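Visitor: I need the structure of the sequence given here:
(chains A and B)
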Amino acid sequence: MAQCVQSVQEFIQDSFVPMVAVLCSEDAEKITRKNNLNFSELLRPFCRLTSEGHVRDPNNQVQVVKNLRISVNNVVTRPSVPTSGVHSPAQRRLLSAVVSASQPAEGGVANVITAGDYDLNISATTPWFEAYRESFLQSMPASDHEFLNHYLACLLVVSSSEAVPVEQFHKLSQEQHMIQHNGEYTNPKWFIPNTLKYYVLLHDMSQGDEQRADSVYEDMKQRYGCQGCYLLKINSRTAAAGTDEQIPDPWSQYLNKSSLQSQLNVLITKSPKNYQWKSNLSTHGGLDLDLDNTHPLQLETAIDMPGSLDSLRAIAAETKTTTVYTGVAAGTSHGTCLTLNDHNRLRLFIQEFTFRGLLPHIEKNIRQLNDQLVSRKGLSRSLFSVTKKLFGGGKVPEKSIAELKNTSGLLYHPEAPELQIRKMADLCFLVQHYELAYSCYHTAKKDFLSDQAMLYAAGALEMAAVSAFLQGGAPRPYPAHYMDTAIQTYRDVCKNKVLAERCALFSAEVLKSQAKYSDAATLLIKMTSEDSDLCSALLLEQAAHCFINMRNPMVRKFAFHMILAGHRFSKAGQKRHALRCYCQAMQVYKGKGWSLAEDHINFTIGRQSFTLRQPENAVLAFRHILTNDSQQTATQQGAFLREYLYVYRNVPGVCEVALPQLTLPCINSSATRVYFGHERRLAEGEKQAATHVSLDQEFDQDLAAVWQDLEEQVVAAANRGVVPSTFYPTQCCLNSQTDNLHFPLAVVEEPIIVEVAFRNPLKVPLVLSDLSLLWKFTFKDFSRPQPQDIMVGDAVTITNEKEAIARLKLLPRQTGQLTILGLVYNLASTPSTGDSTINSPSATAGTSVRGRQDLEIQGPRLNQSKEEKTSVSHGPDRRLDPTITPPMPLLEVFFLQFPTALLCGEIRKAYVEFCNVSHVPLCGLRVASTHPDFFTFGSSSLATPLTPLSPTSFENCSAYKTLATPPGATPGSVTAVTLVSAADFGSGGGGVFGTGGKRIAEIPLGEGTLTPGESTQLPLWLRGPDQEGVHEINFLFYYEGAEKGGKISHRVLRHTVFICASRSLSVRATACRSNTLPEEEGRNGSMLVFVDVENINTSEAGVREFHIAQVSSSSKQWRLHKCINPAENKDCKLTTRERGKLCFRATRCKPHEATSKSLEKYTFADLSLGNEQIISSTTPCADFFFRRCQPSESWRPLIAVETQGRHSRSQGAGPGGGTEDITGVVRKCNEVDLDIIVLWKAFVVEDNKQVILEGQLHVALQTIGKEACSLRQKEEAQEMVLLKFKPELPPPMTRPSMEQLSHLIKTNLHYPESYSHSFVQKSLCMVPVILTLSNCSLAQVDAIIDLRHKTTSPESLEVHGSFTWLGQTQYKLQLRAQEVMRLPLRAGFLHAGVYNLGTPRVFAKLADQGAMCETSQQTATPGLIIINST
Amino acid sequence: MAVCIAVIAKENYPLYIRSVPVQNELKFHYTVHTSLDVVEEKISAVGKAMADQRELYLGLLYPTEDYKVYGYVTNSKVKFVIVADSSNTSLRDNEIRSMFRKLHNSFTDVMCNPFYNPGDTIQSKAFDSMVSAMMVQAS
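Guide: This next block holds a predicted model:
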């Protein structure tokens, strides 16, 4: 139970006070009316006595009466409502009004209770409960079983202005007597038959004759005794004087406080607050009644009184109109005619009346009753009761009445002797003689119980307990069981809920004062019932307070009972109290994981707040339910949502001023993506647009790195190889993974698309409509004031269940700084029908609410410095703050006839269209690609007018530039030799082999710029990648504005294609030194080249057969010379899995070619195998040749480049020690550096049509004897991957291997094939043999030729045994670089036969090296000679 | 037997609540929550010294009009609450005790699960089925 303003003792004492009735004459009433008060009201503020009174008890002991209060009331003689034990509806309304009028003070002091981990903010006091209790107790009907609220005395008030005041007094006295003794009025109950009458002469100082009043008073004194009358002078203040004087208004707290009550008060049957009712009445026709009934009485109904019926009618009439009058009454001030002196007089009057009149009267009566009791005690009490039992007939009439009152037991006549003791007890109680009162009650209780008069017994029990409690320093403990019995009896036996409730209120209060909170709570909870919601609510609330006040506060019980109370309050229509209860309970449930309960409370709070017009709170509460990951069912959530939306919609003024912040659906702000740039046309007929970047793509970190690297390279190329320090990679689409530290740049007139990710936490669908962005724009110093940004675009999204995204477009129209703040949208629970286009929120049907939600993106967590690591701080995220820059060119790229699948090495021609869609000219167009060998725009220097520029005439036309073979030419012989400089095919200034520009190509635009709106088509050749499989090829188009110095230096456009390459041919080639003598003097360069071509195509591609159309060579030093084994049918056909071998002879280029000004020039030699010659030195073919050696496989930025760089470095013959030199020199002599280009045609059946595809494959022959393949070895690629993880091994000390050294010198034996000799004539046959030594290397070589048969294997002995070299058997020679030396030898034969001359052994070493390097050279092939004998 | 079984963490938030009549779930939540006051009262009543030998089973916490609420506290202050129908007179103290013991065992199994994060709501299927077994017996 909450704390009360009064102490328990005060409270109980004030609940039972002596009652005094008032009967007022008409004139007297008029006098008091001047103050807007009637007489009893006039006295009310002065009813508490400040001084002590004294009463002598029957034993002549003086009893001090402290702080006594008396209750003065007008007599009301209305018929009583039967004491049914329940409140009448009117009473209920009154109580309800009282409770609702009493609300917790705004910002009132709340005390914080800490219980366990709960900190509760609970209002310490519950004034509404006290108000209720007060009102409840005052409205207690006077019942027959107790006398406490029966009238003890009656004030008869007559005005001094009356003609004959004494007569008037007489009249009033008679009236009182009639009311009390006539028997017609049951209602105002009188304590004792001999009621004290106190005569008051009221004198109006302002108008009456004071002397006359005094004389009348003297007369009265004579008549009634000086203790029985009083002259009261009031209204001493004149209206004129009154205004400036400030007089306290003691009535206000009694009257204004309950102005609300007054309207309902009218209907109350037995209310001690009748002064209110009177006040209304007196302004009306009921006035006479008051004047007539000078009896100051409470609840007596004087039916026979003239005017009483009128008054009743008036009441009936007034029930409808009271509001008006009370309104008036409440507004006016009271006591305007009274001075402070008058106040004192009133106070004095009451004191005089009480001490002189009332208390002696009570004392007298107590004595009287005591005497009666004592005299009766003479009889044996027990005997008396026995006789009562034996001759019970004496009580028969009472019993019959009792039957009427059904179970409440026996009912005594008001004047019955059994009640004497109770009367005495009550009197004692009223004068605070609790000890005597207790003993009397105790005795009475016994009597009543023995009489089975249960109602009386219960009353006595109740009062016995109360008076026992009130005995200060009580000798006996508080008899709690008395109370329990009393309550039980009232409730169960007497069926009197009201009395039971009263009893419980006292009991609980007493228990509380004794810190028996648990008992009090139980008692209060027991008292709750279905009948009265208000009562139950209040009791439950008090019980809850009991729980929290316990020594170990029971927080949860408190909360639970608060909720129950709140529920009952809301049922009783006390919404404010209900809300308060729920809010207090909420403190316990909040954030403790009891989500179901929490949601329920929040929901209720939301509802109540809404009905109480506290929409903010309602919104808050509802927001709570809906944002939590609620465990509610879908239907429940749906209901919540509807309610929420409804509340939102009805929040007044919300839509007009500022949009409300909505919390539904959740926005995943970090998933917000921002896209800069206009929406691209994806495809237009056959045109295929560049993919660029779009919001549909997922962000890929690796890919972004690839693009960034490409951009860096192309920017470097555009800036003469240096990346400017201000370079910042272009980001078209910003998301959570991109670098958002910089303000993104957006171009004016180009849309910004913001993609917002919503998440619906609910199980019910949400409908969003009319989405638009909120933004802020500030002008920057780009001095061009003008048009407004216009927000374009809104979207309608239905978010069902989980997640959804919305894309919103913003079109900046001016340069400056834009900040996107948030979103505005309509939220609805179920799809509203098709009104999404209507903008005004009022037009949208159903429950839809327009609100906003801010977009705030938290940047990535900072983790650089120590402070940042230890604390949690986040960097900025500028995704939504784009800077709008002046217009920039905008490029669109379309591809025509772009294939998706190619054979490996296939050449295809496509077209690319560049289109400038902006209003600004565009220049500096470049392209970078991850696969530079995939495409070429052709060489800029060589005009290629042969290929048609427009794609329409392209059909079936070869991509190559061809010439018909001259008819006479032998197939397989060289038809053309061309010299070409690599620079011609290098794109850009750097050339293909330039360091930085490897993957960059400048695009040859007509004039170098694209004017606004212009578009250009360019041919583009594609070559299928060498490796089969799907290739992702990235193009990055770079372009700049014509004007430099803008905020954006350049722009890029991305394109990604996927090419599926399928296997075509596999070409392997080997070169070996031909042993035949060089045909030309001084030229030892002649080589055999074997080319193996295998069809490895899987037949699915529809390729029927491949034709090798031509084999071309390209090298700085070599050229193919001739085909050695031309096929019979001219063409070389290969069907599936067939293999063909081609042999060629290669020769060194002509000296003048080699020595001519540029060694860098490449010699292209075409060996056509068909009937037309493809000029390999022109655009597509040569382009791809020059692009070929670049690594295209598994190309990844940086790492791969790095490793590759190292790789090549380690291979190259860098500067270094002697060994390095040797290696270089030695290798040089084995190097071939010849590239074979195999040009093929594939006959493909496609849709029953034969299509001829063309292609070219490259084989780079590096060294003699080593096989080279057109396909890159897979192992190599793997090794490169591995290099990432392993520290690179230092390059091994390269010493030329034996094998390599053995190629230093090439030997040839020159001799006649057969030789005839007449052995008969001459037994020794001498044959001249010439040994040709040619130095392959570019260094001086020492050679030793040993002709002795050193190796004497049995086999060789057998064969060679019979022949010897004649003459010098060992030569030491020195060969200069590339020198060819002939050494004449002679061989001697003894017999005819076949001999192998290939026995000379040649050792060689580099001239400037030690012997260490001496190596036996390759033994020459067996040189067989036939010696014939003639 | 039981109409509602709840497991409440040391910090008094629910780890697990199941009740048989689903439509009355809220009511059971309130009941269980309120019963915690009694549980705390009972624990503190035992006193600190006796805490070790304390009987885990707390017995009947309080009877409401329709239900009886029983409590059980593990040594780690995890509370088990079983709400049984008052009309079910066949339910004896021993049975309730054994139910709690079963519940405790099952709860221990849940805790032993290395993938269970202590403090999370219990989502174990085994636990679920055990609880349903205890509730089904009633109906």
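Visitor: any idea how far residue A:64 lies from residue A:13?
Guide: When C-beta to C-beta, to the nearest Å is applied, the distance between residue A:64 and residue A:13 equals 13 Å. Where you see a C-beta, it was placed from the backbone N, CA and C, and this is true even at glycine.
Visitor: Common neighbours of these two, please.
Guide: For the pair residue A:64 and residue A:13, residues contacting each of them under the criterion C-beta atoms under 8 Å, 6 or more residues apart in numbering or on different chains are residue A:432.
Visitor: How about residues contacting stretch A:853-872?
Guide: With C-beta under 8 Å, 6+ apart as the test, stretch A:853-872 has contacts from A:661-663, A:667, A:669-670, A:672, A:740-741, A:756, A:774, A:820-823, A:825, A:873-877, A:879-880.
Visitor: Mind checking which of those residues are buried?
Guide: Of all the contacts of stretch A:853-872 considered here, the ones buried according to neighbour count by 16 or more other C-beta atoms under 10 Å in any protein chain shown are A:662-663, A:667, A:669-670, A:672, A:740, A:756, A:774, A:820, A:822-823, A:825, A:877, A:879-880.
Visitor: So for residue A:64 and residue A:13, which sits in the more crowded spot?
Guide: Remark: of residue A:64 and residue A:13, residue A:13 carries more neighbours, 21 against 11, as counted by other C-beta atoms under 10 Å in any protein chain shown.
Visitor: Next, the contact list for the more buried one, please.
Guide: If a contact means C-beta under 8 Å, 6+ apart, then residue A:13 has A:67, A:69, A:432, A:470 as its contacts.
Visitor: what kind of secondary structure is it in?
Guide: helix (DSSP: H, G, I helix; E, B strand; the rest coil).
Visitor: Tell me how far it lies from residue A:436.
Guide: Separation of residue A:13 from residue A:436 (C-beta to C-beta): 16 Å.
Visitor: Repeat that for residue B:131.
Guide: Going from residue B:131 to residue A:436 by C-beta to C-beta gives 65 Å.
Visitor: now swap in residue A:1120 and tell me
Guide: When C-beta to C-beta is the yardstick, residue A:1120 and residue A:436 sit 144 Å from each other.
Visitor: And those two? Which one has more around it.
Guide: For residue A:1120 versus residue A:436, neighbours defined as other C-beta under 10 Å are more numerous around residue A:1120 (29 against 22).
Visitor: contacting residues for that one?
Guide: Contacts were defined as C-beta under 8 Å, 6+ apart; by that measure residue A:1120 touches A:974, A:1089, A:1111-1113, A:1144-1146, A:1165, A:1167, A:1236.
Visitor: who's it bridged to?
Guide: On the basis of DSSP bridges, residue A:1120 takes part in beta bridges with residue A:1146.
Visitor: What of residue A:1067?
Guide: Following DSSP bridges, residue A:1067 is listed with bridge partners residue A:1093.
Visitor: Spell out which parts of chain A neighbour chain B.
Guide: Residues of chain A lying close to chain B by C-beta under 8 Å from any C-beta of the partner chain are A:116-117, A:547, A:552, A:554-557, A:559-560, A:563, A:589, A:592-594, A:596-597, A:600.
Visitor: Any of the residues you listed buried? List them.
Guide: When neighbours are counted using 16+ other C-beta under 10 Å, those contain these buried positions: A:547, A:554-557, A:559-560, A:563, A:589, A:592-594, A:596-597, A:600.
Visitor: Give the buried residues for stretch A:11-30.
Guide: A:11-30.
Visitor: list the contacts for the residue of chain B found nearest chain A?
Guide: Chain A sits closest to residue B:13 of chain B, with a gap of 2.8 Å, by C-beta to the nearest C-beta. Going by C-beta under 8 Å, 6+ apart, residue B:13 touches A:592-594.
Visitor: And residue A:931, how far from residue A:1054?
Guide: Following C-beta to C-beta, the distance that separates residue A:931 from residue A:1054 is 14 Å.
Visitor: Render the CA-only coordinates of the longest helix along chain B in CSV, please.
Guide: Selection of the longest helix in chain B by residue count, based on DSSP state H, yields helix B:25-46. Extracted in CSV, the C-alpha atoms of helix B:25-46 (Å, rounded to 0.1, in the frame of the first residue of the first chain):
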residue,chain,number,x,y,z
GLU,B,25,0.8,-18.2,-23.6
LEU,B,26,0.9,-14.7,-22.3
LYS,B,27,-0.8,-15.7,-19.2
PHE,B,28,1.7,-18.3,-18.5
HIS,B,29,4.5,-15.9,-19.1
TYR,B,30,3.1,-13.7,-16.5
THR,B,31,2.6,-16.5,-14.1
VAL,B,32,6.1,-17.8,-14.5
HIS,B,33,7.6,-14.4,-14.2
THR,B,34,5.7,-13.6,-11.1
SER,B,35,6.6,-16.9,-9.5
LEU,B,36,10.3,-15.8,-9.7
ASP,B,37,9.6,-13.5,-6.7
VAL,B,38,8.6,-16.5,-4.7
VAL,B,39,11.6,-18.4,-5.9
GLU,B,40,13.9,-15.7,-4.9
GLU,B,41,12.2,-15.4,-1.5
LYS,B,42,12.7,-19.1,-1.0
ILE,B,43,16.3,-19.1,-2.0
SER,B,44,17.1,-16.2,0.3
ALA,B,45,15.2,-17.8,3.1
VAL,B,46,17.5,-20.8,3.1
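Visitor: Just list what that helix packs against, helices and strands only.
Guide: For helix B:25-46, the helices and strands in contact under the criterion 3 or more C-beta pairs under 8 Å, 6 or more residues apart in numbering or on different chains; DSSP states H and E are helix A:555-571, helix A:595-611, strand B:2-8, strand B:14-19, strand B:57-63, strand B:67-73, strand B:79-85.
Visitor: I appreciate the help and will end here.
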